[in-house]
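[1] sequence and predicted structure are below.
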Protein chains: 2
Amino acid sequence: MSAFTKKYKDLLEKELKQNVEKLVAPSNLKDSMLYSLNAGGKRIRPLLLFATIQSYGKDPFKGLLPATAIEMIHTYSLIHDDLPSMDDDDLRRGLPTNHKVYGEATAILAGDALLTYSFQIMTRMTQENIPSDLILTTINLLAEAAGAEGMVGGQVADIEGENKALNQRELEQIHLHKTGKLLEVSIIIGAILAGATSKEIETLKQFAYHLGLAFQIRDDILDLEGDEAVIGKPIGSDMDNHKSTYPKILTMGGAKKELDLHIKGAKDLLRSLNLDSAILEEITNLIAYRNN
Amino acid sequence: MSAFTKKYKDLLEKELKQNVEKLVAPSNLKDSMLYSLNAGGKRIRPLLLFATIQSYGKDPFKGLLPATAIEMIHTYSLIHDDLPSMDDDDLRRGLPTNHKVYGEATAILAGDALLTYSFQIMTRMTQENIPSDLILTTINLLAEAAGAEGMVGGQVADIEGENKALNQRELEQIHLHKTGKLLEVSIIIGAILAGATSKEIETLKQFAYHLGLAFQIRDDILDLEGDEAVIGKPIGSDMDNHKSTYPKILTMGGAKKELDLHIKGAKDLLRSLNLDSAILEEITNLIAYRNN
């Protein structure tokens, strides 16, 4: 991990913790929220946001509040996805899932509270002297990316796709929504805060497209070839869930080739922009070649 | 129902429907969202918001977007509250609950989508020429009222209070959060959009305090004395759930007296403001003496 990612990961994790600790709310609810926020994770979405701002030579600290909001949304989505009525997972990152520790009702409500809080945190950007119009633009984009037209819609499509043999195009549509939209909006909010042009934002969206698919392909590969102790959940759970995956559709060799193509596509687009993109490249590599 | 409430209820219901129908999202998700939004209901929160604006002689139409957002948040909370791991209700307003029709996973996700969408709709107030600063203030208040420090926290406290003999003060704290905060913020957002002074907003908060408790006391009374066919769910379900209620703590006579006191308190505060408050009084009566 570079000094940059270490620094901003620590900053984010402190911010996540402090924001929940200061809530005047039932302690059991706060504990449940903190449990999942503190359960580790790569913090890829916040890091993408920070790194995008940094690539424009601006102060990444400016993105701390939206990075915190986005990580809360990501965390709520994991809590709800793990529920018995959804993926029914007992383990996440090597720890019991939220509902296993706090019960289903509290887990659902902790997710609801994190989602709601994320929008409150977005409004606090006024304290960073960011113009109100710009803040509203980012709130609108975040809600769109996280909601029915984005992540939640992707999760519904993912559930509907179980026990069906999907083709590559259908699989991509699911993942571009379920995972891709929140990755994309992390980059785009970073770009907006850094003052990117609309043309640059379009290029960054294409970069995010490749990144989102690379992320999912790597996930599918790890589900078959990963180290259980490192990924923190049983190997082959996608198979058990009768989910369509890249290795199933393309073979393992084909999936790895596809991953390389998306990583090359992402890096080529990044280099086409005249930015200081070393950290964004580092995160791209982290996504492509991670072990968990 | 007065011409005012009829007009704005219709307007709101059209807006709720159109906003979901235009989403580009899995049809099953949209159907599930629409099912609960269209399941009727008194629309008390939106009506309070419209009526507060009207009481200042301003155009209530200005409140259509936040009224829509608040009703979506209220609806998501009902969907999640009805889940098997929470209240485990099969009927709501005489219809099967959302998860009974669409399954638990889709019901949870429809709730998540409604909550997320509500904040997107809030940002669209820019189209009504409302200043961005003011919009951010209302989003902040709404998230606070709906989240861990408000409605969600109240729901957690409500669950924790089951099977316990609560005193009146504890019961009030639960309901002021679970129900009261969203009622209050409906009035306060209306007041902000109408240009109310901070002093008026403080008085309206006290009005909302009485209204919130009156709402809950009436709910508890209806659970014992209501007409099953009118309230749309079995009588005595609070007893079955081992919940503390006003009639249990105060006796039925005491609960009715307490209801009258809160209604008198609400109306006195309303009259202390120099507003055209006929519609707000109508809604106060609707809350106090409703049959469902």
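    Noted; the coordinates are in hand. Numbering: from 1, shown residues only, chains lettered A, B, ... in the order given.

[2] per-residue confidence at the nearest residue to A:Leu95 once chain neighbours are set aside?
    In this structure, A:Leu95 finds its nearest non-sequential neighbour in A:Ala39, 5.5 Å apart by CB to CB, 6 or more residues apart in numbering or on different chains. Heads up, the C-betas are built off the backbone N, CA and C, glycines and all. Per-residue pLDDT puts A:Ala39 at 93.

[3] in three-state terms, label A:Ala39 for me.
    Recorded secondary structure, A:Ala39: coil (DSSP: H, G, I helix; E, B strand; the rest coil).

[4] residues contacting it?
    Going by CB atoms under 8 Å, 6 or more residues apart in numbering or on different chains, A:Ala39 touches A:92-93, A:95.

[5] just the ones of those in helices?
    Assigned to helices by DSSP state H, none of these qualify.

[6] just these: which has the poorest pLDDT?
    Ranking the contacts of A:Ala39 by pLDDT, A:Arg93 lands last with 87.

[7] for the residue nearest to A:Leu48 when sequence neighbours are not counted, grab the count of nearby residues.
    Spatial nearest neighbour of A:Leu48, excluding adjacent residues (CB to CB, 6+ apart): A:Ser186 at 4.5 Å. As a burial measure, A:Ser186 scores 29 neighbours (other CB atoms under 10 Å in any protein chain shown).

[8] got the contact list for A:Ser186?
    Contacts of A:Ser186 by CB under 8 Å, 6+ apart are A:45-46, A:48-49, A:52, A:67, A:70.

[9] let me know the closest of those residues to A:Ala191.
    A:Thr52 (5.3 Å; CB to CB).

[10] which parts of the stretch 101-250 of chain A sit against chain B?
    Taking CB under 8 Å from any CB of the partner chain as the measure of proximity, the stretch 101-250 of chain A contacts chain B at A:103-106, A:108-109, A:111-113, A:115-117, A:119-120, A:122-124, A:126, A:131-133, A:135-137, A:139-140, A:143-144, A:146-149, A:152-153, A:155-157, A:159-160.

[11] please flag which of these sit within helices.
    Those of these lying in helices (DSSP H): A:104-106, A:108-109, A:111-113, A:115-117, A:119-120, A:122-123, A:132-133, A:135-137, A:139-140, A:143-144, A:146, A:152-153, A:155-157, A:159-160.

[12] just the element for the nearest residue to A:Ser272 once chain neighbours are set aside, please.
    Leaving aside its chain neighbours, A:Ser272 sits nearest to A:Thr203 (6.5 Å; criterion: CB to CB, 6+ apart). For A:Thr203, the enclosing helix or strand under DSSP states H and E is helix A:198-225.

[13] give me the mean pLDDT for that helix.
    96.

[14] any idea how far apart the tips of stretch A:220-234 sit?
    Stretch A:220-234 stretches 13 Å from its first residue to its last (CA to CA, to the nearest Å).

[15] give me the buried positions along that stretch.
    A:220-224, A:226, A:231-233 (16 or more other CB atoms under 10 Å in any protein chain shown).

[16] related to what we said a few turns ago, with distance to A:Phe215 as added columns, please give the contacts of A:Ser186 in TSV.
    As requested, the contacts of A:Ser186 are exported to TSV (distance: CB to CB, whole Å):
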residue	distance to A:Phe215
A:Arg45	10
A:Pro46	15
A:Leu48	11
A:Leu49	15
A:Thr52	16
A:Ala67	17
A:Ile70	15
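
[17] quick revisit: can I get the contacts of A:Ala39 in a markdown table including neighbour count and distance to A:Thr251?
    Listed next are those as a markdown table, based on neighbours: other CB atoms under 10 Å in any protein chain shown; distance: CB to CB, whole Å:
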| residue | neighbour count | distance to A:Thr251 |
| --- | --- | --- |
| A:Arg92 | 21 | 28 |
| A:Arg93 | 15 | 29 |
| A:Leu95 | 17 | 33 |
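
[18] ok, these vs chain B, which is closest?
    Nearest to chain B among the contacts of A:Ala39, counting by CB to the nearest CB, is A:Arg92 at 17.0 Å.

[19] for that closest one, give me its contacts.
    A:39, A:78, A:82, A:98, A:232-233.

[20] from the contacts of A:Ser186, which land in helices?
    Among those, the members that lie in helices (by DSSP H) are A:45-46, A:48-49, A:52, A:67, A:70.

[21] top of those residues by number of neighbours, please.
    A:Leu49 (33 neighbours).

[22] the closest residue to A:Leu259 other than its chain neighbours: neighbouring residues, count only.
    Closest residue in space to A:Leu259, ignoring its immediate chain neighbours: A:Ile217 at 4.4 Å, by CB to CB, 6+ apart. Other residues near A:Ile217 come to 28 when the count uses other CB under 10 Å.

[23] pull out the buried residues from stretch A:284-292.
    Within stretch A:284-292, the residues that count as buried by 16+ other CB under 10 Å are A:284, A:286-288, A:290, A:292.

[24] dump those to a markdown table, plus secondary structure.
    Listed next are the buried residues of stretch A:284-292 as a markdown table, based on three-state DSSP:
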| residue | secondary structure |
| --- | --- |
| A:Thr284 | helix |
| A:Leu286 | helix |
| A:Ile287 | helix |
| A:Ala288 | helix |
| A:Arg290 | coil |
| A:Asn292 | coil |
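
[25] just flag the most distant two among the residues you listed.
    A:Thr284 and A:Asn292, at 16.8 Å, using CB to CB across the buried residues of stretch A:284-292.

[26] tell me the mean pLDDT for the helix or strand harbouring A:Ile189?
    Element membership of A:Ile189, judged by DSSP H and E, is helix A:181-194. For helix A:181-194, the mean pLDDT works out to 98.

[27] gap between that helix and the chain center?
    11 Å (CA atoms, centre = their mean, to the nearest Å).

[28] check stretch A:36-52 too.
    That offset, for stretch A:36-52, works out to 7 Å (CA atoms, centre = their mean).

[29] what's the first-to-last distance across that stretch?
    26 Å.

[30] got it, and stretch A:145-162?
    End to end - CA to CA - stretch A:145-162 spans 23 Å.

[31] which of the residues in it are buried?
    In stretch A:145-162, counting by 16+ other CB under 10 Å, buried: A:145-161.

[32] with stretch A:117-132 instead?
    Quick answer for stretch A:117-132 (16+ other CB under 10 Å): A:117-126, A:130, A:132.

[33] what's the answer for stretch A:101-111, then?
    A:102, A:104-111.

[34] what of stretch A:54-63?
    A:54-56, A:60, A:62-63.

[35] kindly report the same for stretch A:263-278.
    A:263, A:265-267, A:269-270, A:273, A:275, A:277.

[36] show residues contacting it.
    A:54-57, A:200, A:203-204, A:206-207, A:210-211, A:214, A:280-281, A:284-285, A:288.

[37] can we see that at 10 Å?
    A:2, A:4, A:51-52, A:54-57, A:191, A:194, A:196, A:199-200, A:203-214, A:217-218, A:280-281, A:283-285, A:287-289 (CB atoms under 10 Å, 6 or more residues apart in numbering or on different chains).

[38] just after the lowest-mean-pLDDT helix or strand in chain A, pick out the following helix or strand.
    The helix or strand with the lowest mean pLDDT-type score in chain A, counting by mean pLDDT, DSSP states H and E, is helix A:237-240 (a mean of 67). Heading C-terminal from helix A:237-240, the first helix or strand you meet, by DSSP H and E, is helix A:246-272.

[39] can I get the helix or strand containing A:His175 in PDB? Just the C-alpha atoms.
    Using DSSP H and E, A:His175 maps to helix A:168-175. In PDB, the C-alpha atoms belonging to helix A:168-175 read as follows (Å, rounded to 0.1, in the frame of the first residue of the first chain):
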ATOM      1  CA  GLN A 168     -22.100 -12.200 -21.000                       C
ATOM      2  CA  ARG A 169     -24.100  -9.100 -22.000                       C
ATOM      3  CA  GLU A 170     -26.800  -9.800 -19.300                       C
ATOM      4  CA  LEU A 171     -24.200 -10.500 -16.700                       C
ATOM      5  CA  GLU A 172     -22.400  -7.200 -17.500                       C
ATOM      6  CA  GLN A 173     -25.600  -5.200 -17.200                       C
ATOM      7  CA  ILE A 174     -26.200  -6.700 -13.700                       C
ATOM      8  CA  HIS A 175     -22.700  -5.900 -12.500                       C
END
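
[40] alright, that wraps it up for me.
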